[in-house]
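**Q** Sharing a model prediction with you, sequence too.
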Amino acid sequence: MSTSPLESAVSPRDGHAADDAAVPFDAHGIEPIPDGSRDCSPWELFWIWSGANIAPINWVLGALGITLGLSLVETLIVVVAGNLVGCAVFGVFNVIGHRTAVNQMVLGRAPFGRRGSIVPGVAQFLLTMGWVGVNTWVVLDLVMAMLAEVGVTGGVWLEVVVATTIMAVQLGLALYGFYAIRSFEKYTVPATVVVMAVMTVVAIVTTDVNWSLAGAELAPGEKLTAVTQLLTAIGIGWGLTWIPYASDYSRFVRVSASPRTVFWSSALGMYVPTVWLAALGACLASAGSGSDPSTLVVGTFGVMAIPLLLLLIHGPIATNILNLYSCSLAALSIGVRAARWKVTLTDGLVASGVLAVFVDADSFAHAFDNWMVSILVWISPWASIMLVDFFAIRRGRLDIASLYLPAETSPYGRFNVAGLVSLAAGIVAGWSWQFGVVPAMQGPVATALGNSDFSWLSGSVVAGALYFALARRVRA
């Protein structure tokens, strides 16, 4: 009897260690994880990435396609096909983290230099704080809608109390570290999957899904614009935006796990829930349910959704504990001298400001689109340089100890000019072919070619090719 890729890739390990009985405090920082501390199984890695993506925010991903004027079928094709590419690249970065046992931002010291790696490190630090605000907005929106269904209202003060409570739960788990995150995801995600499966069946049965929805009457150029924007924001782009987090968690996977199992457990952990919930969001939006998360959920299930929403809140929290944990690692990677709990608390405070911005947004779907497109401008070229450096330039071999040497003695140097110049060129190329809603995000190439958006492609190709040429010349 044959097995599926998931079954063969993430088969459970024989016998669990005592970590299930008592979750230890994670005392690890950004140093390589010792073999004895790497007890995470591929199944547990699968649940970590699944838990981060079984969230109402992914419903917005599918609904965005309908908002842009695409048909239901076109939206589903972009989501399904685009995530094949994005999640596959994400899986490769998980393999790198498993092979080196080093977190993602420290790995960047090889292609960018000991001091040069601070540039993407700061970007990742800010990125994680922003995502905490975005995802907490989704939780807050759902909880307020749920309370309104039972007649509980309280205005701004109720929102403050709810937001503070949610943030406290997220901070507590992130403060305890990876082992708490791993255990939380492993024991809660399977139950959430069951709830989501039930909700999916109920939604399809009770909602008048317009399978023949043709979308808006768009001209060929406008259609291309919508497809490329959707592909950038929620197709290929969704998996790519998770790459800066990948090695932070795969470095804990047990040494005996094969690269194949690490790849499939991480790639499928990202792909399955993303495509599933995005497709559900598109179906609900085709029935005229809108793109706002609370509208999609409460409008579909009504009062019956109240007990189910309690479990759906799990999704954004599961995502934010990864953001908070990776934020602390990014801060340590760029040289911040502070305890990790202090960095985490700072992250929560800044994220609260981002939360306030999103609460006031007229259209969360468009605000989300702007946010996603903007961060891809630096992630795509950065990821391309990382891949070229690890596989093409260094042939999969890194001097791990040298990554932690002072800038003055590190063989990777203070600044790797080839990496930084390539990153800058990639960002410019990505912006040039970017077409966002905000005029500042509408590059000249994009507007000249019918407002299309291939920022992720142009940025990655230019940065990767330029770095390959420059790095080979320097090494020669």
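**A** Done, it's in.
**Q** now the helices for the stretch 1-150 of the chain?
**A** 5-9, 42-53, 57-67, 72-100, 104-107, 109-112, 118-149 (DSSP state H, counting those that start in this stretch).
**Q** Kindly reformat the ones you listed as TSV containing mean neighbour count.
**A** Quick note: C-beta positions are derived from backbone N, CA and C, even for glycine. Shown next, in TSV, are those (neighbours: other CB atoms under 10 Å):
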stretch	mean neighbour count
helix 5-9	15
helix 42-53	26
helix 57-67	28
helix 72-100	22
helix 104-107	27
helix 109-112	28
helix 118-149	23
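**Q** Redo those helices as JSON lines? Include distance to Ser460 and mean pLDDT.
**A** Compiled in JSON lines, these are given as follows (distance: least, CB to CB, whole Å; pLDDT from 0 to 100):
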{"stretch": "helix 5-9", "distance to Ser460": "26", "mean pLDDT": "42"}
{"stretch": "helix 42-53", "distance to Ser460": "22", "mean pLDDT": "94"}
{"stretch": "helix 57-67", "distance to Ser460": "21", "mean pLDDT": "79"}
{"stretch": "helix 72-100", "distance to Ser460": "9", "mean pLDDT": "95"}
{"stretch": "helix 104-107", "distance to Ser460": "17", "mean pLDDT": "96"}
{"stretch": "helix 109-112", "distance to Ser460": "14", "mean pLDDT": "96"}
{"stretch": "helix 118-149", "distance to Ser460": "14", "mean pLDDT": "81"}
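**Q** So for the one helix or strand Gly426 maps to, what gets flagged as buried?
**A** Using DSSP states H and E, Gly426 maps to helix 417-432. Going by neighbour count (16 or more other CB atoms under 10 Å), the buried part of helix 417-432 is 418-420, 422-423, 425-432.
**Q** Kindly report the same for stretch 388-400.
**A** 388-390, 393, 398.
**Q** So for Leu466, which of the helices of the stretch 1-150 of the chain sits nearest?
**A** helix 109-112 (12.0 Å; CB to CB).
**Q** helices or strands next to the closest one in the packing?
**A** helix 364-387, helix 417-432 (3 or more CB pairs under 8 Å, 6 or more residues apart in numbering; DSSP states H and E).
**Q** now do 7 Å
**A** Judged by 3 or more CB pairs under 7 Å, 6 or more residues apart in numbering; DSSP states H and E, helix 109-112 is in contact with helix 417-432.
**Q** Pipe the buried residues of helix 417-432 into CSV and attach pLDDT and distance to Pro444 per row.
**A** Output for the buried residues of helix 417-432, formatted as CSV (pLDDT from 0 to 100; distance: CB to CB, whole Å):
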residue, pLDDT, distance to Pro444
Ala418, 95, 26
Gly419, 96, 26
Leu420, 97, 24
Ser422, 97, 21
Leu423, 97, 20
Ala425, 97, 16
Gly426, 96, 16
Ile427, 95, 15
Val428, 95, 11
Ala429, 95, 11
Gly430, 91, 13
Trp431, 91, 9
Ser432, 93, 6
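**Q** Next, the angle from the helix or strand Leu171 falls within to helix 118-149.
**A** Per DSSP H and E, Leu171 falls inside helix 155-176. Orientation of helix 155-176 against helix 118-149 (axes from the mean of the first three to the mean of the last three CA atoms, to 10 degrees) gives an angle of 130 degrees.
**Q** circling back: do you know which of the helices of the stretch 1-150 of the chain lies nearest Leu322?
**A** That would be helix 42-53 among the helices of the stretch 1-150 of the chain, by CB to CB, at 5.5 Å.
**Q** so that closest one versus helix 72-100, what angle?
**A** Put simply, helix 42-53 runs at 140 degrees to helix 72-100, going by the same axes, to 10 degrees.
**Q** C-alpha coordinates for helix 42-53, PDB please?
**A** Once non-C-alpha atoms are left out, helix 42-53 reads as follows in PDB (Å, rounded to 0.1, in the frame of the first residue of the first chain):
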ATOM      1  CA  PRO A  42       8.900  16.500  11.700                       C
ATOM      2  CA  TRP A  43       5.300  16.000  12.800                       C
ATOM      3  CA  GLU A  44       5.700  18.700  15.400                       C
ATOM      4  CA  LEU A  45       7.300  21.000  12.800                       C
ATOM      5  CA  PHE A  46       4.200  20.300  10.600                       C
ATOM      6  CA  TRP A  47       1.900  21.300  13.400                       C
ATOM      7  CA  ILE A  48       3.900  24.500  14.100                       C
ATOM      8  CA  TRP A  49       3.500  25.800  10.500                       C
ATOM      9  CA  SER A  50      -0.100  24.500  10.200                       C
ATOM     10  CA  GLY A  51      -1.100  26.300  13.400                       C
ATOM     11  CA  ALA A  52       0.300  29.500  12.200                       C
ATOM     12  CA  ASN A  53      -1.800  29.400   9.100                       C
END
